[in-house]
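K.L.:
when you get a sec, could you give me coordinates for this:
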Amino acid sequence: MPQPVSENPDDDAQALEHGRQLFAQACDFVIGAASMDQVPETRLQEIAFAGRSNVGKSSLINALTNRTALARTSNTPGRTRQINFFDLGKRLMLADLPGYGYARAPKVEIEQWTGLIEDYLRGRAGLRRVCLLIDARHGLKESDRRVMALLDQAAVVYQAVLTKCDKLKEGPLKDRIEGIGDELAAHTAAHPEVMATSARDGSGIPALRAALAGLEKKG
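P.N.:
Just a heads-up that it's a prediction; the model follows:
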């Protein structure tokens, strides 16, 4: 269920085209950071993708950038254990964060990458927005709410992005979007618009590209 970018159809068309062109740029892997001292310095505006393990972060990044294997996908939750950075055409930096909320990894590793996520979200100066990915089938979980509270405290703007929306029929999906939107209204750093996407069938991807392209620093 793609959302309109604005109330003006002409503005919508321009924003969608801007998003299409931006995400058609070369997108290159920069580094996988396992600690904050490995996080690269950059003057680019940065967008991070966060979410529970196996929510579909890598699949969404691949869909946004029209790649099949830019970000690694896996059916094994908790496989990504570092922050992977991608340079989008020297115009935006994308950060793929480790999934959180997966309890079957060794406790020491869980603590290590959870700490890395929290330190990054608190201390990244150029971070313009966090896309908080939520599996449309399951909605918000307590692990999501803990990250939302952290982002509220750090005054980092985040936007709920539903994934796997092709798995729900229109009615239940609409209810899910409305329910999450109602909960986000109580959070100071939450963007009010909930984006609905599917990496599988491409729905919502152009609208998300347009929304993220609007964060690109001009000049």
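
K.L.:
can you give me the helices in the protein?
P.N.:
9-23, 57-64, 107-123, 142-154, 170-184, 205-213 (DSSP state H).

K.L.:
quick check: longest strand of this structure.
P.N.:
In the chain, ranked by residue count with DSSP state E as the criterion, the top strand is strand 127-135.

K.L.:
that strand pairs with which strands?
P.N.:
strand 45-51 (parallel), strand 158-163 (parallel) (DSSP bridges).

K.L.:
need the residues that contact the worst-scoring helix or strand of the chain on mean pLDDT.
P.N.:
Using mean pLDDT, DSSP states H and E, helix 107-123 stands out as the lowest-scoring helix or strand of the chain, at a mean of 81. Contact partners of helix 107-123, identified using C-beta atoms under 8 Å, 6 or more residues apart in numbering, comprise 33-36, 39, 48, 50, 81-83, 95, 97-98, 100, 102-103, 127, 130, 147, 150-151, 154, 156. Using the backbone N, CA and C atoms, a C-beta is placed for each residue, glycine as well.

K.L.:
okay, now the unreliable bits of the protein?
P.N.:
Residues of the chain meeting the criterion pLDDT under 70: 1-10, 69, 71-80, 102-106, 109-110, 218-219.

K.L.:
redo that, cut-off 50
P.N.:
1-6, 73-78, 219 (pLDDT under 50).

K.L.:
excluding its backbone neighbours, what's nearest residue 158?
P.N.:
The shortest distance from residue 158 to any non-neighbouring residue, by C-beta to C-beta, 6 or more residues apart in numbering, is to residue 130 (4.0 Å).

K.L.:
you'd agree the one you found is up against residue 160?
P.N.:
No. Using C-beta atoms under 8 Å, residue 130 is not in contact with residue 160; the gap is 10.0 Å.

K.L.:
quick one, which of these two is more surrounded?
P.N.:
residue 130 (29 against 25; other C-beta atoms under 10 Å).

K.L.:
identify the residues contacting that one.
P.N.:
Residue 130 sits in contact with 47, 48, 49, 50, 121, 151, 156, 157, 158, 159, where contact means C-beta under 8 Å, 6+ apart.

K.L.:
separate out the buried members of those residues.
P.N.:
Burial by neighbour count, judged by 16 or more other C-beta atoms under 10 Å, picks out 47, 48, 49, 50, 121, 151, 156, 158, 159 from the contacts of residue 130.

K.L.:
enumerate every residue touching the fourth one.
P.N.:
Pointing back at residue 50 there. So residue 50 contacts 57, 97, 100, 117, 121, 130, 131, 132, 133, 147, 158 (C-beta under 8 Å, 6+ apart).

K.L.:
would you turn these into CSV with distance to residue 16?
P.N.:
Listed next are those as CSV, based on distance: C-beta to C-beta, whole Å:
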residue, distance to residue 16
57, 23
97, 27
100, 31
117, 31
121, 29
130, 22
131, 18
132, 23
133, 21
147, 29
158, 23
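
K.L.:
pick the one among these closest to residue 165.
P.N.:
residue 133 (11.5 Å; C-beta to C-beta).

K.L.:
show me the contacts for the closest one.
P.N.:
49, 50, 51, 52, 55, 56, 57, 60, 161, 162, 163 are the contacts of residue 133 under C-beta under 8 Å, 6+ apart.
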